[in-house]
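Asks: sequence plus predicted model, see below.
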Amino acid sequence: MKKVFQHKTFRIFGFVALTLFTVGLSLAVGTRSVPWHEIWAGLNGRIDSIGAAAVAVRMPRTLLAVLAGGALGIAGAVMQGITRNPLADPGILGVNAGAALFVVIGIAWFDISGATTFLWLGVAGAGSAAVFVYAIGSTGQGGATPLKLTLAGTATSIAASAFIIAVVLPRNDIAGSIQSWQVGGIGGARFDTILPAFPFFIVGLLLSLASARVLNALALGEELAAGLGQNVATGRAMAAAGAIILCGTATALCGPIGFVGLVVPHMCRMIAGIDYRILLPLSAFGGATLLGLADVLGRIIARPNELDVGIVTAFVGAPFFIWTVRRQRMRGL
């Protein structure tokens, strides 16, 4: 038991180290590469050189990449555990699209501009989409099967995206900014918009981590989980609430970024197994690393311009999605 614990602890520290390396890479790499001594100067608040000034600009987007990537990674792992669906992902199940729809309606119809209001709208939209998809996917014989949930989520995502276009088309004054936001990016991050999101991220994280034991039990089946003394309904609701808050918050800040919640949990399972007490923290660090590296890659391959992280994660995630479908053949976890 001691050796197993040490082995898992080593893996967690390895993921932490990889995330820290990604943070340093994000601060150093861009249109202008910054040496490490200027990174240190920028972190200390000095902007007396071009490199240090560049670091000061990159710090909020790096922080947002860590927070949003970690949130989407955990949310994907939780959704896969709740639904026992290997294809569950905030983007594939339509949760991100629902959050985006509510934010766009708030901007276009109600002229909402406050960062905190955007966050509440994102959470409300994510929750509404999750309930709708699960309700549709649960109808008929067999209940909420992976195939029905995936189809319901895909249809919901397409419908929400179409409705967003219908809302935005008559509004030339906001069309450009919303279309750019819909791609999914972190280039315009600012500390004054990130700080109000911290309570949302913390609440979503705590709810998700607290549901780890229930998710472990659900992996054995609902009847056996109940037999082990777990309150399945309450635990599932708590886990879903945590995932919804994390998804809605990340989408409100960055736009709908897909495939992070699909790719990261599967990679973490291959490395550390299926224990959600280990899987959820690893998914947080893995998501932060993936989104940070996607941001760095987007800066490199399109110099002097940039590719938004939503485009880069789609290039990575789409082949992984196809591979997962072929490998799992739509089975439950």
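Replies: Arrived safely, thanks for sending.
Asks: skip the chain neighbours and tell me the closest residue to the residue most central in space within the chain.
Replies: The structure's the chain has its C-alpha centroid closest to residue 72; by CA atoms, centre = their mean the separation is 1.7 Å. On the basis of CB to CB, 6 or more residues apart in numbering, the spatially nearest residue to residue 72 that is not a chain neighbour turns out to be residue 260, at 4.1 Å. Bear in mind the C-beta positions are built from the backbone N, C-alpha and C, glycine included.
Asks: ok, now residue 203?
Replies: The shortest distance from residue 203 to any non-neighbouring residue, by CB to CB, 6+ apart, is to residue 245 (5.8 Å).
Asks: ok, that neighbour - how many residues close by?
Replies: Neighbour count for residue 245, taken as other CB atoms under 10 Å: 27.
Asks: look up how far residue 64 lies from it.
Replies: From residue 245 across to residue 64, the span is 17 Å (CB to CB, to the nearest Å).
Asks: repeat for residue 106
Replies: Relative to residue 64, residue 106 is positioned 20 Å away (CB to CB).
Asks: so between the two, which is more surrounded?
Replies: residue 64 (27 against 21).
Asks: what's near enough to touch the residue nearest to residue 203?
Replies: Shown in contact with residue 245 (CB atoms under 8 Å, 6 or more residues apart in numbering): 123, 126, 200, 203, 204, 207.
Asks: so the nearest residue to the second one once chain neighbours are set aside is in which element?
Replies: Pointing back at residue 126 there. Spatially, and ignoring its direct neighbours in sequence, residue 126 is nearest to residue 248 (3.6 Å; CB to CB, 6+ apart). In this assignment (DSSP states H and E), residue 248 forms part of helix 232-254.
Asks: buried ones in that helix, by neighbour count?
Replies: 235-236, 238-254 (16 or more other CB atoms under 10 Å).
Asks: what average pLDDT does that helix get?
Replies: Across helix 232-254, pLDDT averages out at 93.
Asks: stretch 43-58 too?
Replies: pLDDT averaged over stretch 43-58 gives 76.
Asks: now do the end-to-end distance for it.
Replies: End-to-end distance for stretch 43-58: 10 Å, by CA to CA, to the nearest Å.
Asks: give me the neighbour count for residue 123.
Replies: Count around residue 123 with other CB under 10 Å applied: 24.
Asks: mind listing which of the contacts of residue 245 are in helices?
Replies: Those of the contacts of residue 245 mapping onto helices are 123, 126, 200, 203, 204, 207, per DSSP state H.
Asks: off-centre distance for stretch 244-251?
Replies: 7 Å (CA atoms, centre = their mean, to the nearest Å).
Asks: can you show me the strands along the stretch 1-150 of the chain?
Replies: Ranges of strands within the stretch 1-150 of the chain: none, based on DSSP state E, counting those that start in this stretch.
Asks: remind me which residues of it are low pLDDT?
Replies: Residue ranges of the stretch 1-150 of the chain with pLDDT under 70: 1-8, 45, 47-48.
Asks: all helices for it, in order.
Replies: Remark: helices assigned in the stretch 1-150 of the chain by DSSP state H, counting those that start in this stretch are 2-28, 36-43, 50-83, 95-110, 115-138, 146-168.
Asks: quick one: contacts for the residue lying closest to residue 214 once chain neighbours are set aside?
Replies: Nearest-residue entry for residue 214: residue 235, 3.0 Å, with adjacent residues in sequence omitted and distances by CB to CB, 6+ apart. Contacts for residue 235 were tallied using CB under 8 Å, 6+ apart; they are 211, 213, 214, 215, 217, 218.
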